[in-house]
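*Asks:* could you work out the structure for the sequence below:
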Amino acid sequence: MSALSWPYREKPLQPYWGAPNSNFNFCEEDYFVSAYIAEVVNTFTNIIYVYYALVGIKSSKYQKDAFLRSFPYLGIASVGILSAWYHTTLKNYSQWADDLSMLVATSAVLHQVFTFDKSTAYTVIFGLALTTVMTLFSIWHCVVDETTCHSILFGVMILVILFKTRAIIHANVPDLAVRAQVQTMSTWSTGSFLFGFFLWNIDMHCCGTLTSLKRSIGMPWSFILEFHGWWHIFTGIGAYTSMALTEHLTSDNAAKPLAKRYAWPVNLFVPDFAALKGKQGAKSNGVNGKTQ
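*Replies:* Down below sits the predicted model:
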């Protein structure tokens, strides 16, 4: 293994950005690869958010309200860029930027699911109210430098979006086969988030064991055990799946079957419509046969 890997340094390099002072510091050892990037794996795995943002913007540009529909994808792009900055520097100011980008991306989706079928006046008023609340919270969050309320607010917003999406599915998707497609996509999105959260907790609570394993394996194979980086990847997949599904449900095509037109690996989650339709028909014929 030694011929295929290189060992960790005994001591970290001199930090270009100064000593880390953010509220959180993750299990990846700081400044052990570069003096300019505190956490290399946690920094570069953020590229997945930018990639999915570009894919989403490209797919939504043909919609009649493409400008508004691009906002959630711009939000997830900001998450990727600002999270990369945070993991590069591990400073308190870059942490605030990362925290706030999460709220911006979530607010954009929240605005979309609550206003897609409303008047222009309602859409503008809702957007201004949401912007005001988020701005006031963000100012307070940075002034007091807290983390708990930010996590609670983010979690509540995600739950509200989830319940609202479920309501939209039942209201706008009458075909049971299409509904099965959509619900499967929603389940995969939620599952990706939860699995990422599971890995995030391992990274936080089993850091000593992970660090020993990584040092015994050596780089770059040890990068596989950087579970916070995997958190970025799985939350990126979950966020993109959720945004793409929301875009479909809030468009004129909501009642139509999902096409396999999404970025990898999301296409793998989309059940075949013809097969689902066949199952629905078989069930219907079975019920009719019993009735007769």
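
*Asks:* now the longest helix seen in the chain: how far from the chain's centre is it?
*Replies:* The single longest helix within the chain, with elements called by DSSP state H, is helix 176-205. Here helix 176-205 shows a centroid-to-chain-centroid distance of 10 Å under the convention C-alpha atoms, centre = their mean, to the nearest Å.

*Asks:* now stretch 209-219
*Replies:* Worked out by C-alpha atoms, centre = their mean, stretch 209-219 lies 28 Å from the chain centre.

*Asks:* how close does L13 sit to L136?
*Replies:* 40 Å (C-beta to C-beta, to the nearest Å). In this view, the C-beta of every residue, glycine as well, is placed from N, C-alpha and C.

*Asks:* which stretch of helix or strand covers the residue positioned nearest the centre of the chain?
*Replies:* Centroid check for the chain by C-alpha atoms, centre = their mean gives A239 as the closest residue, at 3.1 Å. Per DSSP states H and E, A239 falls inside helix 227-249.

*Asks:* now swap in F114 and tell me
*Replies:* Judged by DSSP H and E, F114 forms part of helix 92-115.

*Asks:* which pLDDT value does the model give the residue nearest to C149 when sequence neighbours are not counted?
*Replies:* Using C-beta to C-beta, 6 or more residues apart in numbering and skipping the chain neighbours, the partner closest in space to C149 is H141 (7.1 Å). H141 carries a pLDDT value of 88.

*Asks:* try K283
*Replies:* Predicted confidence (pLDDT) for K283: 65.

*Asks:* dump the residue contacts of L103.
*Replies:* 134, 137-138, 150, 153-154, 157 (C-beta atoms under 8 Å, 6 or more residues apart in numbering).

*Asks:* looking at these, spot the one nearest Y262.
*Replies:* Set against Y262, the nearest of these by C-beta to C-beta is M157 (23.5 Å).

*Asks:* okay, now the closest one: neighbour count?
*Replies:* 18 (other C-beta atoms under 10 Å).

*Asks:* and the nearest residue to Y36 once chain neighbours are set aside, how many neighbours?
*Replies:* Once flanking residues are discounted, Y36 sits nearest to Y16: 4.8 Å by C-beta to C-beta, 6+ apart. Using other C-beta under 10 Å, Y16 has 13 other residues around it.

*Asks:* likewise for G191?
*Replies:* So G191, with other C-beta under 10 Å, has 15 neighbours.

*Asks:* any idea how far T184 is from it?
*Replies:* As for G191, its distance to T184 is 10 Å (criterion: C-beta to C-beta).

*Asks:* now L100
*Replies:* 33 Å.

*Asks:* quick one: the helix holding F114 to helix 227-249, angle?
*Replies:* Angle of helix 92-115 versus helix 227-249, following axes from the mean of the first three to the mean of the last three C-alpha atoms, to 10 degrees, is 20 degrees.

*Asks:* buried ones in the helix or strand just after helix 92-115?
*Replies:* Note on helix 92-115: by DSSP H and E, the next helix or strand toward the C-terminus is helix 120-144. Using 16 or more other C-beta atoms under 10 Å as the test for burial, helix 120-144 gives 123, 127, 130, 134, 138, 141-142.
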